[in-house]
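*Asks:* Take this sequence and fold it.
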Amino acid sequence: MRALSGLNKLVGFGLSMALLAIAALVAIPAMIRSSGENAWGAIALGQNLGAFGAMLIAYGWGIFGPAEIAQGDQASRTVEFLASIKVRLILLVPTLVVVVVPSLLLSPLRPDLAAVGAVVAALTGLTATWFFVGLARPYALMVLETVPRVAFTVVGIVEMERGADALYGLIWQGVGLLAAFLASLLWILRYLRYRPGMAAQLPGTLPLLKRYGGGVASSLGSQLYTVLPLVIVTAVAPLAQPMFALIDKLYRQVLVALLPIVSVLQGWVPRGEEPAQRVRTMMWWTLGMCATIGVGTVLVGPWILHFLGAGALTPTAIEIALLAVLLAVTFFVSVLGHAVLGTYRELRALARSTTIGTLIGMPLVAVGVWFFGVPGALLGMLIGMTVRLSIKLAVTRRCLRSGPPPAPRAAAEADVILD
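*Replies:* Below you'll find the predicted structure:
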């Protein structure tokens, strides 16, 4: 029965992420046909910068939040969610300003698309996916968040195929994100039996920001590693940008499609009576998944990229091979960070691994794209990601020897707030 339950959750989360990934990928050729390759490059740049903003808005809850919810009781879950809403709404407007300004400056041809793309991508930081992962409620996530987002994305695709500018496709995506945020917010508040006045008893803004700062440091570092390559390629080798942006988009969407697996493991590990044993089992399984991801990318990657590029952009064999290895290594890094280091609250180690990997990888991206084009940029990303993997493996080994993970941190405040 446990195996069937786990499979059901995996299928549920998988459907949500697959629908979102498919909708986002189908929108790409529609945008290229609607407004051209340069417009797509501006959108991709804005979305990358916006994704960095999304991590700032999310403030680390995507990493440690599921473990807090999975291990906590009703009271601590209420504290965790209310704190997340307070922090994220405070950060929303200043973060949007931070991502819009560089988007406008770096995209002289279509600054409007870059700016709106940045705003839409940043709004994903409001998602409550982490809460549903902690509750192990995949179908609630699908109904409340996935369906609105996919539905409005489809509306945008239809508009673009009818001749509308890509700007309208982005706007409809933003409407879907806001609708999903409101639907999830209302459902979760009802689930938690929220009463007026609870939020007023939370700590002040600065204490909350300080308390949750470790998680956001790791999240921002991870997102910075994802955002910087396209920015670097745009600045160093602009002619390589459209092709790299396409590969980068597929890279990110495949990782989104793999999130259900990470999410299930993120909730499964902390629920065990012996989390260390579950970690060991998970790591062997993850190795098999990495091999599958690599082989699958080599087999179907060329066809997908040709489709996404609307026939105008075609990758080389070496670019596909590097993408395959990069996806496999990144998946392993993500599993270790979310399911192991997040469970054991090793947030400083998460941030340290990301910082070191970024300091090594990003200069290599710049050098690589200057001398070797897109393959050089991908190789630089791969080297940096391998450094991150090595550090996380070392920390994982230490965690397995340290005993059980710490208790949920919100529990100490729960009785006061719910009194």
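*Asks:* give the contact list for residue 132.
*Replies:* Going by Cβ atoms under 8 Å, 6 or more residues apart in numbering, residue 132 touches 138, 140-141, 144-145, 184. No exception for glycine: its C-beta is placed from N, CA and C like everyone else's.
*Asks:* So which of these is surrounded by the most neighbours?
*Replies:* Highest neighbour count within the contacts of residue 132, by other Cβ atoms under 10 Å: residue 141, with 27 neighbours.
*Asks:* if we take the contacts of residue 132, which one ends up nearest to residue 206?
*Replies:* residue 184 (26.8 Å; Cβ to Cβ).
*Asks:* Surely residue 375 and residue 317 touch.
*Replies:* No. At 9.9 Å, residue 375 does not count as touching residue 317 under the criterion of Cβ atoms under 8 Å.
*Asks:* mind checking how far residue 96 is from residue 15?
*Replies:* Distance of residue 96 to residue 15, given as Cβ to Cβ, to the nearest Å: 30 Å.
*Asks:* Just the ones of the contacts of residue 132 in helices?
*Replies:* 138, 140-141, 184 (DSSP state H).
*Asks:* Can you tell me which member of those residues has the lowest pLDDT score?
*Replies:* Among these, residue 138 carries the lowest pLDDT, at 88.
*Asks:* for that one, what are its contacts?
*Replies:* Residues in contact with residue 138 (Cβ under 8 Å, 6+ apart) are 8-9, 11-13, 15-16, 132, 260.
*Asks:* Show me which residues of the helix or strand containing residue 244 are buried.
*Replies:* If you go by DSSP states H and E, residue 244 is part of helix 241-271. Of all the residues in helix 241-271, those buried under the rule 16 or more other Cβ atoms under 10 Å are 241-255, 257-270.
*Asks:* quick one: it to chain centroid distance?
*Replies:* Here the centre of helix 241-271 is set off from its chain's centre by 7 Å, with Cα atoms, centre = their mean, to the nearest Å.
*Asks:* how big is the angle separating the next helix or strand after it from helix 241-271?
*Replies:* Once the chain leaves helix 241-271, the next helix or strand it forms, by DSSP H and E, is helix 275-308. Helix 275-308 and helix 241-271 meet at an angle of 160 degrees, taking axes from the mean of the first three to the mean of the last three Cα atoms, to 10 degrees as the criterion.
*Asks:* Can you give the distance of helix 275-308 from its chain's centre?
*Replies:* In terms of Cα atoms, centre = their mean, the centre of helix 275-308 is set 17 Å apart from its chain centre.
*Asks:* List the buried residues for that helix?
*Replies:* Within helix 275-308, the residues scored as buried using 16+ other Cβ under 10 Å are 275-276, 278-279, 282-283, 286, 290, 293-294, 297, 301-302, 304-305, 308.
*Asks:* What average pLDDT does it get?
*Replies:* Computed over helix 275-308, the mean pLDDT rounds to 88.
*Asks:* what residue lies at the spatial centre of this structure?
*Replies:* With distances taken as Cα atoms, centre = their mean, the residue of the chain nearest its centroid is residue 256 (6.6 Å).
*Asks:* Next one: the residue lying closest to that one once chain neighbours are set aside from residue 251, what distance?
*Replies:* Among residues not flanking residue 256 along the chain, residue 21 sits closest, at 4.9 Å (Cβ to Cβ, 6 or more residues apart in numbering). Per Cβ to Cβ, residue 21 is found 12 Å from residue 251.
*Asks:* With residue 278 instead?
*Replies:* Distance from residue 278 to residue 251, by Cβ to Cβ: 28 Å.
*Asks:* Also residue 145?
*Replies:* 23 Å.
*Asks:* what sits against residue 332?
*Replies:* Neighbouring residues of residue 332 by Cβ under 8 Å, 6+ apart: 286-287, 290, 389.
*Asks:* try 7 Å this time
*Replies:* With contacts defined as Cβ atoms under 7 Å, 6 or more residues apart in numbering, residue 332 is in contact with 286, 290, 389.
*Asks:* Please look at residue 223 and residue 49 and confirm they touch.
*Replies:* No. At 10.0 Å, residue 223 and residue 49 do not qualify as touching, with contact defined as Cβ atoms under 7 Å.
*Asks:* No more questions from me, cheers.
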